[in-house]
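[1] Dropping a prediction and its sequence here:
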Amino acid sequence: MPVTAVTEVPVSEIFSSLQGEGTLVGRRQVFIRLAGCNLNCAYCDTACDCGPHCNVYCGGCSIAPYRLDNPLQIAQVMTAVTGLLTATPHHSCSITGGEPLLHAAVLEKLLPQLTALVPVQLETNGTLAAELERVLPWLRWVSMDIKLESVTAAPTPWVQHGDFLRLAAKVNCAVKLVIGPATTDAELEQATRLMAATAPQVTVIIQPLTSNGRSAVSAMRLLQCQQLMTTFLTDVRIIPQTHQFLSAP
Ligand code: SF4
């Protein structure tokens, strides 16, 4: 469906659940998943295209699931989020995707209203620095990726990641590296050099690919990767996708 105004945005889903990754792991958040992405990672498990409806639901609370027609007006997003925030206490809100910064123009209008209710985390692939600059003042946390070719099957956008990290490091920023069995020391060394030169204080999350509910990378290899990166960086953590271990309701 065409998006015709900067007050409209395609949204895949708005829901309440726990954060399964990164530095806010385990926190209860409202998630706003915006549609569309500028990358095409081989391991992607997210439906980036937007359907005709946005699904709104709340894990473990009394709100019955409902649907809204896409694209959504900013006021509709705020009403849905407010309903979830009212139903049960939340730590924060996560704007995720897809790549949410594709919708920076709408976020510029949404975030002042949203941050009046709840602190906001942005989950991003870390490639759209100019768009980040437009919304950075409203963000409490930024979780950005460095996309390694060994897992995405596309060349790593090193320059874009560097430009992005330079800005993101102005707030609470964590860099997530998804690694797989084919990830090389050379890739990790290049990522380490980039972070050490740009934002050595940044928190780094090594996240193994998940396959059939298990880490696709051995514990020994994960520890080797952490050791390699800790030579130049101070805060390197290994955190698998914890929500993969939860059973369906
Ligand atoms: S950046 Fe994220 S949403 Fe986009 S294709 Fe890659 S994994 Fe999927």
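    On my side now, so go ahead. Everything quoted here is computed from the prediction, not taken from an experiment. Residues are numbered from 1 along each chain as shown.

[2] for Met229, helix, strand, or coil?
    With DSSP: H, G, I helix; E, B strand; the rest coil as the basis, the three-state label of Met229 is helix.

[3] Next to the ligand, which bits of the chain? Give me the list.
    With C-beta under 6 Å from any ligand atom as the criterion, the chain comes near the ligand at residues 37, 39-41, 44, 46, 48, 97-99, 125. Backbone N, C-alpha and C define where each C-beta goes, glycine included.

[4] From those, list the buried ones, please.
    Neighbour-count burial within the residues of the chain next to the ligand applies to 37, 39, 41, 48, 97-99, 125; the criterion is 16 or more other C-beta atoms under 10 Å.

[5] Turn the residues of the chain next to the ligand into JSON lines, including secondary structure and distance to Glu189.
    Converted to JSON lines, the residues of the chain next to the ligand look like this (DSSP: H, G, I helix; E, B strand; the rest coil; distance: C-beta to C-beta, whole Å):
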{"residue": "Cys37", "secondary structure": "coil", "distance to Glu189": "27"}
{"residue": "Leu39", "secondary structure": "coil", "distance to Glu189": "23"}
{"residue": "Asn40", "secondary structure": "coil", "distance to Glu189": "26"}
{"residue": "Cys41", "secondary structure": "coil", "distance to Glu189": "21"}
{"residue": "Cys44", "secondary structure": "coil", "distance to Glu189": "25"}
{"residue": "Thr46", "secondary structure": "coil", "distance to Glu189": "29"}
{"residue": "Cys48", "secondary structure": "coil", "distance to Glu189": "30"}
{"residue": "Gly97", "secondary structure": "coil", "distance to Glu189": "29"}
{"residue": "Gly98", "secondary structure": "coil", "distance to Glu189": "30"}
{"residue": "Glu99", "secondary structure": "coil", "distance to Glu189": "27"}
{"residue": "Asn125", "secondary structure": "coil", "distance to Glu189": "21"}
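
[6] Show me the two of these that sit farthest apart.
    In terms of C-beta to C-beta, those reach their longest pairwise distance at Asn40 and Gly97, which sit 13.1 Å apart.

[7] In contact with Asp145, which residues?
    124-126, 175-178 (C-beta atoms under 8 Å, 6 or more residues apart in numbering).

[8] and which of the residues of the chain next to the ligand is nearest to Arg27?
    For Arg27, the nearest member of those is Gly97. The distance, counting by C-beta to C-beta, is 18.9 Å.

[9] Can you tell me the closest non-neighbouring residue to that closest one?
    With C-beta to C-beta, 6 or more residues apart in numbering as the measure, Leu34 is the residue that lies nearest to Gly97, at 4.9 Å, once sequence neighbours are left out.

[10] What's the separation between that neighbour and Asn125?
    Counting by C-beta to C-beta, to the nearest Å, the gap between Leu34 and Asn125 amounts to 12 Å.

[11] so what sits against both of those two?
    Glu99.

[12] give me the element the residue most central in space within the chain is part of.
    By C-alpha atoms, centre = their mean, the mean C-alpha position of the chain lies nearest to Glu123, the distance being 2.3 Å. Taking DSSP states H and E as the definition, one finds Glu123 inside strand 120-124.
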